[in-house]
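In: Build the 3D model from these lines:
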Amino acid sequence: MTNASGQSEVPVPAYLDTASSEPLHPAARETFLVALDQGYADPRRLHRPARNSRLLLDNAREVVADCLGVRPDEVTFTPSGTDAVHRGLLGLLAGRARVGSTLVHSAVEHSAVLHAADWAERVEAVAVPVDRLGRVAVEDLARAAAHPGVAAAAVQSANHEVGTIQLVDEIAEALGEVPLFVDACASAGRLPLPGGWAVAAASAHKWGGPAGVGVLLVRKGARWRNPFPGDDRIDERSTGFENVPAALAAAAALRAVTAERDEVNTRQSALIDSVRAAAAAISDTEVVGDSTDRLPHLVTFSCLYVDGEALVHALDRHGFGVASGSACTASTLTPSHVLEAMGALTHGNVRVSLSRDTTSAEVAAFLSVLPEVVRDLRAEVGM
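Out: Below is the predicted model of the structure:
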């Protein structure tokens, strides 16, 4: 990039990967620093510092419950969103072991769901196909769940790679007696939590809370059993000594983003519309996911004849931090199972996700260099 004098300019970094992790919300930072001096003690002891910690933890639980529309006693803080997914899904399967050992899930679930199913003994996972937008059909999932031996179903609220929103409420109704696990890590805070689930999971750093705080939601009356070794904690769902300051900071961030959600979503959705249009205008480029029923801050597109990792590195050199859902790992050499399930191009893939502070100028700057970057990378391979 050059200025009016033709001299090279150092690019101003623009972080466009909040689907991986949102920058810490100011409300979370302020709350965390204050809570560090008050929430250090074990909240399950009886002395005064412990009682202070317990008050903070209870307050965090009540705030999260209010923001998500659940009961405080349905909220458990875990060490991460991944832990909440594993604990929630495996606990639901364990609680239904007498019914069967089959898990029915959409083909685009997060790898945390797939890995949990692979890890569990005697669990058979059945993947239900999705359409080109990444959405599973209600009737297809219900039909698969109607077979004997199905213990549970799993459907994410919105896809973490392409943003497509699933019809969770309709799916839950169609499932009947089969309980539903919902991975809401990508959408919690950004969208209202859907209904009908028995167990759900969320992740604080996705909404601007600190990393290392997950949220496990277990409906009152759900047949859930702790799938992991316990300790002497009172709560059956406890994962150990909670990080009280971090939990309170996560709750503060969730309350803040929930309050500003409508304004931020409207602004981000308009910016993403411009990214979708500009990406679609690049030759041999496919924009994937639903264009309307989607997460407001996220878009994914795939460029033919371009390696996804090379595209990420090239954009980073221009100052733009994005992700590639199709990057092959050195250990598995496997492309994105989400894009593969959708029948979309699995290479040359970029995911752009905006923060609450992303400006129209930053998006415009990104779009000004994107065609050039794609063209240069294609030229390197003779295309």
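
In: Please name the nearest non-neighbouring residue to Ala137.
Out: In this structure, Ala137 finds its nearest non-sequential neighbour in Asp131, 7.1 Å apart by CB to CB, 6 or more residues apart in numbering. C-beta here means a position set from N, CA and C on the backbone, and glycine is covered the same way.

In: Relative to Val104, how far out is that neighbour?
Out: Per CB to CB, to the nearest Å, Asp131 is found 17 Å from Val104.

In: and what of Phe32?
Out: Distance of Phe32 to Val104, given as CB to CB: 39 Å.

In: if you count what's nearby, which of these two comes out ahead?
Out: Val104 (27 against 22; other CB atoms under 10 Å).

In: my guess is that one meets Arg143, correct?
Out: No: contact criterion CB atoms under 8 Å: Val104 and Arg143 do not qualify, at 9.4 Å.

In: what about this structure, any weak spots by pLDDT?
Out: Along the chain, the model assigns pLDDT under 70 to residues 1-12, 233-235, 325-334, 383.

In: so how far is Asp232 from Val374?
Out: As for Val374, its distance to Asp232 is 57 Å (criterion: CB to CB).

In: So these two - more neighbours on which side?
Out: Between Val374 and Asp232, Val374 has the larger neighbour count (other CB under 10 Å), namely 25 against 6.

In: quick one: contacts for the residue positioned nearest the centre of the chain?
Out: Geometric centre of the chain, nearest residue: Ala186, 2.4 Å, by CA atoms, centre = their mean. Going by CB atoms under 8 Å, 6 or more residues apart in numbering, Ala186 touches 19, 110, 156-160, 163, 206, 295.

In: that older thread, against Ala146, how distant is the residue nearest to Ala137?
Out: From Asp131 across to Ala146, the span is 20 Å (CB to CB).

In: now the residue nearest to Ala137: how far from Val288?
Out: In this view, Asp131 and Val288 are 12 Å apart by CB to CB.

In: what touches both of those two?
Out: Met342.

In: and these two? which has more neighbours close in?
Out: Neighbour tally, Asp131 and Val288, criterion other CB under 10 Å: the higher count belongs to Val288, 28 against 14.

In: which one is the more buried one nearest to, not counting chain neighbours?
Out: Nearest to Val288 is Ala344, by CB to CB, 6+ apart, at 4.6 Å.

In: residues contacting that neighbour?
Out: Per CB under 8 Å, 6+ apart, neighbours of Ala344: 132, 286, 288, 302.

In: among those, which two are most distant?
Out: Largest separation among the contacts of Ala344 by CB to CB: Arg132 and Ser302, giving 12.7 Å.

In: Show me which of these two is the more surrounded one.
Out: Ser302 (25 against 11).

In: Can you name the residues bridging to the more buried one?
Out: As for beta bridges, Ser302 partners with Glu286, Asn349 under DSSP bridges.

In: can I assume it is in contact with Gly348?
Out: Yes: between Ser302 and Gly348 there is a contact under CB under 8 Å: 5.2 Å.

In: buried ones in stretch 112-123?
Out: Buried positions in stretch 112-123, judged by neighbour count with 16 or more other CB atoms under 10 Å: 112-114, 116-117, 120, 123.

In: Reformat these as JSON lines; add distance to Ala65 and secondary structure.
Out: Shown next, in JSON lines, are those (distance: CB to CB, whole Å; DSSP: H, G, I helix; E, B strand; the rest coil):
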{"residue": "Ala112", "distance to Ala65": "23", "secondary structure": "helix"}
{"residue": "Val113", "distance to Ala65": "24", "secondary structure": "helix"}
{"residue": "Leu114", "distance to Ala65": "29", "secondary structure": "helix"}
{"residue": "Ala116", "distance to Ala65": "25", "secondary structure": "helix"}
{"residue": "Ala117", "distance to Ala65": "28", "secondary structure": "helix"}
{"residue": "Ala120", "distance to Ala65": "28", "secondary structure": "coil"}
{"residue": "Val123", "distance to Ala65": "30", "secondary structure": "coil"}
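
In: And those, which is closest to Val264?
Out: Taking those together and measuring to Val264 by CB to CB, the closest member is Ala112, at 26.1 Å.

In: ok, and the closest non-adjacent residue to the closest one?
Out: Nearest non-adjacent residue to Ala112 (CB to CB, 6+ apart): Val85, at 4.2 Å.
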